[in-house]
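>>> sequence first, predicted model second:
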Protein chains: 2
Amino acid sequence: MGIKERRKREKEHRRREILKAAKTLFFEQGFFATSMNGIAKAAELSKGTLYLYFKDKEELYISLQIEGMELLNKAFNKAVENKTGWEEKLRAIGWAYYQFSRDHQQFFHINFQFQHGEITRSTSDDLFQKCYEAVVHNLNFLSIPLKNGMAAGQIRQDNPMAVAVVLWGSLTGIILLHEGKDHRKFMPGSLNDLIEISINLQIAGLKTA
Amino acid sequence: MGIKERRKREKEHRRREILKAAKTLFFEQGFFATSMNGIAKAAELSKGTLYLYFKDKEELYISLQIEGMELLNKAFNKAVENKTGWEEKLRAIGWAYYQFSRDHQQFFHINFQFQHGEITRSTSDDLFQKCYEAVVHNLNFLSIPLKNGMAAGQIRQDNPMAVAVVLWGSLTGIILLHEGKDHRKFMPGSLNDLIEISINLQIAGLKTA
DNA sequence: GATATATAATGACCACTGGTCAGTTATATT
DNA sequence: AATATAACTGACCAGTGGTCATTATATATC
């Protein structure tokens, strides 16, 4: 049945178009300042139609999370190319995460809001699962050099995933706190310096703690 | 003029009553789920009156920040009592911060939202300034043992405030990410373990990095 | 081609939001 | 008692996310 397939394709196409319009607005204005009316207008559809393709505003927003995590995954992979040894790899991943937060601030933000559960109150279980796995995939990637370091007896820790979460959370927190409103920025110094201090501290700590 | 003074007292009293009602609702439901109508009803006042005492919803919310930071400051002071040496003090402060985030989750959250600038778009400059100073006060407290460690040549870093911000941001990030919605919590293991790993890593790092 | 069926899209409508302001009420001064 | 000042009210506004009976469009059957 070619017709059914074509219809399915068309439906998928519409879905992507809505998501594209939503992405533009969400990225320009953030989650709360973006309205469903606005998205409908941008997608040249009526508001009701949006709800035929997405359960609600949150689901529309969180659907972008997967794209973001795929981007980050690519960045991670690229970062460890030509890098040897767990320490070099770890440093590269840390800086790649920082770079990701600058180049794709909105995706970085969506991920935080997802992980933090701010915007996940109504998300359906299967979308949640997909997004969850996308994050865990990146955490796993981060835990590989940690495992290597432990296997080599150079890292005195026994739970690579927990350590990965600690590193990830630490950088995330520093970046977030440094994001304060532009003209009265909260934290002193450049974010670059803070990230450098943090990475140095934590890697030095891994070797001796 | 006793009358003017009495009026001033009464006005201050009303202000505090409104803030009390707002605090109850904000703590129960969070910032977004709390409505000005609800606060007005809880304070047994009309909605319009709220706006005679507070510029808007954000200002009402952020006004709670100062109380939170004072609480944290007390907790910090208590934590370092009977503690000697920069390392012991640093550890105590770290755990006190963690404990604060558990005992006063809502205050912890307000502080994050303030520092992050989510809820500060319209806050007046002088309220912002007060809240800002309240945070900096705690960051300064955190930087004291760091200075001591540096003066003693045991910490190989030269910017105590930057390091304080790194430690503060790291714990904040880990705590936030672990807060995900209850029934499908995001991160593995207990938060306690993660905090322990983080504190150990960073203190070990301070000694060698 | 005409008719019936299934699918897709609409936009008026709902209860609600944060915020405003002309008008009312209470208090203080003369 | 009359005036002036300060405090408070709630109907009102433009906007929100979300719903659903209705309408339009494309497909299947005769």
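Structure received.

>>> CA atoms for contacts and neighbours, from now on please.
OK.

>>> tell me the residue of chain A that sits nearest DNA strand D?
Here chain A gets closest to DNA strand D at one residue, A:Ser35, 3.3 Å apart by Cα to the nearest atom of the strand.

>>> up against DNA strand D, what does chain A have?
For chain A, the residues in contact with DNA strand D under the definition Cα under 7 Å from any atom of the strand are A:3, A:7, A:32-38, A:47-49, A:51, A:55-58.

>>> what's the ChimeraX line that selects buried ones from those?
Buried subset of those, written as a ChimeraX selection, criterion 16 or more other Cα atoms under 10 Å in any protein chain shown:
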select /A:34,35,36,57,58
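
>>> from the residues of chain A next to DNA strand D, which are also near chain B?
Near chain B, judged by Cα under 8 Å from any Cα of the partner chain, there are no entries from the residues of chain A next to DNA strand D.

>>> which members of the residues of chain A next to DNA strand D additionally contact DNA strand C?
Applying Cα under 7 Å from any atom of the strand, the subset of the residues of chain A next to DNA strand D adjacent to DNA strand C comprises A:Arg7, A:Lys47, A:Gly48, A:Thr49.

>>> tell me the contacts of the last one?
Residues counted as contacts of A:Thr49 (Cα atoms under 8 Å, 6 or more residues apart in numbering or on different chains): none.

>>> next SSE downstream of the helix or strand harbouring it?
With elements taken from DSSP states H and E, the one containing A:Thr49 is helix A:47-53. For helix A:47-53, the succeeding helix or strand toward the C-terminus, using DSSP H and E, is helix A:57-62.

>>> on contacts alone, who are the packing partners of whichever helix or strand comes after that following helix?
Of the helices and strands lying after helix A:57-62 in sequence (DSSP H and E), the nearest is helix A:64-80. With contacts defined as 3 or more Cα pairs under 8 Å, 6 or more residues apart in numbering or on different chains; DSSP states H and E, the secondary structure elements packing on helix A:64-80 are helix A:86-103, helix A:105-116, helix A:125-151.

>>> give me the contact list for helix A:64-80.
For helix A:64-80, with Cα under 8 Å, 6+ apart as the criterion, the contacting residues are A:19, A:23, A:89, A:92-93, A:96-97, A:100, A:107-108, A:110-111, A:114, A:130-131, A:134-135, A:138, A:141.

>>> now, the most widely separated pair of the ones next to DNA strand C among the residues of chain A next to DNA strand D?
Across these, the longest distance by Cα to Cα is 21.2 Å; it joins A:Arg7 and A:Lys47.

>>> how far does the top helix by length along chain A sit from the chain's center?
If you go by DSSP state H, chain A has its longest helix at helix A:2-33. Taking the mean of its C-alpha atoms, helix A:2-33 sits 20 Å from the chain's own mean (Cα atoms, centre = their mean, to the nearest Å).

>>> give me the angle between it and helix A:64-80.
With axes from the mean of the first three to the mean of the last three Cα atoms, to 10 degrees as the basis, helix A:2-33 and helix A:64-80 are set at 90 degrees to each other.

>>> quick one, helix A:2-33 and helix A:105-116 angle?
Relative orientation of helix A:2-33 versus helix A:105-116 (the same axes, to 10 degrees): 90 degrees.

>>> and helix A:2-33, what other elements does it pack with?
helix A:36-42, helix A:57-62.

>>> okay, now the unreliable bits of chain A?
Counting by pLDDT under 70, chain A contains low-confidence ranges at A:1, A:181-188.

>>> give me that answer again for 50
For chain A, applying pLDDT under 50 flags no range at all.

>>> number of residues surrounding the residue lying closest to A:Asn138 once chain neighbours are set aside?
With sequence-adjacent residues excluded and distances taken as Cα to Cα, 6 or more residues apart in numbering or on different chains, A:Asn138 is closest to A:Asn73, at 6.0 Å. Applying other Cα atoms under 10 Å in any protein chain shown, we find 20 other residues in the vicinity of A:Asn73.

>>> what distance do you get for A:Asn73 to chain B?
19 Å (Cα to the nearest Cα, to the nearest Å).

>>> ok, A:Lys47 next?
As defined by Cα to the nearest Cα, A:Lys47 lies at a distance of 23 Å from chain B.

>>> before we move on, what about A:Lys83?
Relative to chain B, A:Lys83 is positioned 22 Å away (criterion: Cα to the nearest Cα).

>>> A:Thr24 now?
Look at A:Thr24 and chain B: by Cα to the nearest Cα, they are 20 Å apart.

>>> how about the contacts made by that residue?
Here A:Thr24 is in contact with no residue (Cα under 8 Å, 6+ apart).

>>> switch the cut-off to 10 Å
Contact criterion Cα atoms under 10 Å, 6 or more residues apart in numbering or on different chains gives A:Gly30, A:Thr34, A:Ile39, A:Ala42 as the residues in contact with A:Thr24.

>>> same check, this time on A:Leu167
A:90, A:94, A:139, A:142-143, A:161, A:173, A:198-199, A:202-203, B:170, B:173-174, B:194, B:197-198, B:201.

>>> which SSE is it in?
In this assignment (DSSP H and E), A:Leu167 forms part of helix A:160-177.

>>> what angle sits between that helix and helix A:105-116?
130 degrees.

>>> centre-most residue in chain A?
In chain A, the C-alpha closest to the average C-alpha coordinate belongs to A:Asn111, at a distance of 3.8 Å (Cα atoms, centre = their mean).

>>> find the closest residue to DNA strand C in chain A.
Taking Cα to the nearest atom of the strand as the measure, the point where chain A comes nearest DNA strand C is A:Gly48, at 3.2 Å.

>>> A:Glu59 versus A:Ile119, what's the distance?
9 Å (Cα to Cα, to the nearest Å).

>>> and for A:Phe31, the neighbour number?
For A:Phe31, the count of nearby residues is 18 (other Cα under 10 Å).

>>> ok, it - contacts?
Residues in contact with A:Phe31 (Cα under 10 Å, 6+ apart) are A:Ala22, A:Lys23, A:Leu25, A:Lys57, A:Glu58, A:Tyr61, A:Gln106, A:Ile110, A:Ile119.

>>> let's see 8 Å
Neighbouring residues of A:Phe31 by Cα under 8 Å, 6+ apart: A:Tyr61.

>>> pretty sure A:Phe108 contacts A:Phe100?
Yes. The criterion here is Cα atoms under 8 Å, and A:Phe108 meets it with A:Phe100 at 7.1 Å.
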